[in-house]
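Participant: structural data only, the sequence is not supplied:
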Ligand SMILES: [Zn+2]
């Protein structure tokens, strides 16, 4: 399932073909993805210019000249494919094999610059929604989201406040989209390892009783920002390198320190630990029991 860096990579891949371009034709091949597509979906997009393509957590937000915003979510298996001047590339594609089944091409945008942008989603957990810009604050999908981890407002004080008094594990707290938006299993594991904090540690231990941040909170925020930036950078470079050849993301997986590496040596300098896998709230957690305390 794509997390923040993958969605940001997709955004960067779509930006040059969508921003400033008009929807010349919109083809919705089904009436529903995870939810029904908006009423008059194609008609409301056709002729509109994309004035900006942004991201909030794992949602892509295309601002339209009509005053509406097209909100798009990749779900579990969604991907976009861009064909321009006859050559195709996929910005941040996750499942190349399945995504190449044309039967799963559900929505096709023909942009005024000649680009064809196709949304493919075999499992159909993805979604598209049209929302009036002035009602975006009230949108239930976005309203409950916590801060953007790469935003300036997300700092140790903010994370400590959110974790104050929390009896759940740090792993569970960081996976909670209300605490911080866009992190999933992979980047939570990776950030905790970089911060040398155990995923089993109580979330409240990064804050004082009054909710002030301690040194662990500082370390954790630095680690979260660093791991996301590195992953976006890796995704961005894979995008550039493979632009003309139907490229896919995935370079960053070679940089995983703990995720999916149980039984391997811990990569922390000087640590003799072995990466372990445990299950927390139904999901695998990978960590080093020696250097993560
Ligand atoms: Zn270690």
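Facilitator: Yes, it's here. Remember, it's a predicted structure, so these values are computed and weren't measured experimentally.
Participant: which stretches in the stretch 1-150 of the chain count as strands?
Facilitator: Under the criterion DSSP state E, counting those that start in this stretch, the stretch 1-150 of the chain contains strands at 23-28, 50-56, 59-64, 68-73, 79-84, 87-89, 105-111, 116-120, 127-132.
Participant: so how far is the last one from its chain's centroid?
Facilitator: Translated: strand 127-132. Centre-to-centre, strand 127-132 and its host chain are 18 Å apart (CA atoms, centre = their mean, to the nearest Å).
Participant: elements contacting that strand?
Facilitator: helix 41-45, strand 68-73 (3 or more CB pairs under 8 Å, 6 or more residues apart in numbering; DSSP states H and E). Yep, even glycine has a C-beta here, placed from its N, CA and C like the rest.
Participant: the ion is nearest to which of those?
Facilitator: For the ion, the closest of those is strand 68-73, at 35.1 Å, according to CB to the ion.
Participant: that closest one vs strand 116-120, what angle?
Facilitator: Relative orientation of strand 68-73 versus strand 116-120 (axes from the mean of the first three to the mean of the last three CA atoms, to 10 degrees): 50 degrees.
Participant: now do strand 68-73, average pLDDT.
Facilitator: Mean per-residue pLDDT for strand 68-73: 97.
Participant: strand partners (parallel or antiparallel) of it?
Facilitator: The strands beside strand 68-73 in its sheet (DSSP bridges) come out as strand 59-64 (antiparallel), strand 127-132 (antiparallel).
Participant: next, the angle strand 105-111 makes with that strand.
Facilitator: Going by the same axes, to 10 degrees, strand 68-73 makes 140 degrees with strand 105-111.
Participant: distance between strand 68-73 and the chain's centre?
Facilitator: 15 Å.
Participant: buried residues, stretch 47-58. List them.
Facilitator: In terms of neighbour count (16 or more other CB atoms under 10 Å), stretch 47-58 has its buried residues at 48-50, 53, 55-58.
Participant: quick one, which of the strands of the stretch 1-150 of the chain gets closest to residue 213.
Facilitator: Of all the strands of the stretch 1-150 of the chain, the one in closest proximity to residue 213, counting by CB to CB, is strand 50-56 (24.6 Å).
Participant: list the pairing partners of the closest one within its sheet, with orientation.
Facilitator: strand 59-64 (antiparallel).
Participant: quick one on the thing from earlier: so which of the strands paired with strand 68-73 is nearest residue 114?
Facilitator: Once those are compared by CB to CB, strand 59-64 is nearest, at 18.0 Å.
Participant: what does the closest one contact?
Facilitator: 7, 10-11, 14, 18, 45, 48-55, 69-73, 133, 136, 141-142 (CB atoms under 8 Å, 6 or more residues apart in numbering).
Participant: let's see it at 7 Å
Facilitator: Under the contact criterion CB atoms under 7 Å, 6 or more residues apart in numbering, strand 59-64 has outside partners 7, 10-11, 18, 48, 50-55, 69-73, 133, 141-142.
Participant: got it, and stretch 201-217?
Facilitator: Taking CB under 7 Å, 6+ apart as the rule, stretch 201-217 contacts 156-157, 159-161, 163-170, 173, 197, 220.
Participant: could you rerun that using 6 Å?
Facilitator: By CB atoms under 6 Å, 6 or more residues apart in numbering, the list of residues contacting stretch 201-217 from outside reads 156-157, 159-161, 163-166, 168, 170, 173.
Participant: among the residues you listed, which two are most distant?
Facilitator: 157 and 168 (19.9 Å).
Participant: single out the most deeply packed of the helices and strands packed on strand 127-132.
Facilitator: strand 68-73 (a mean of 22; mean count of other CB atoms under 10 Å).
Participant: what inclination does it have with respect to strand 23-28?
Facilitator: 50 degrees.
Participant: what angle sits between strand 68-73 and strand 79-84?
Facilitator: Using the same axes, to 10 degrees: strand 68-73 against strand 79-84 is 120 degrees.
Participant: contacts for strand 68-73 next, please.
Facilitator: 59-63, 126-133, 136.
Participant: buried subset of these?
Facilitator: Buried among those (16+ other CB under 10 Å): 59-63, 126-131, 136.
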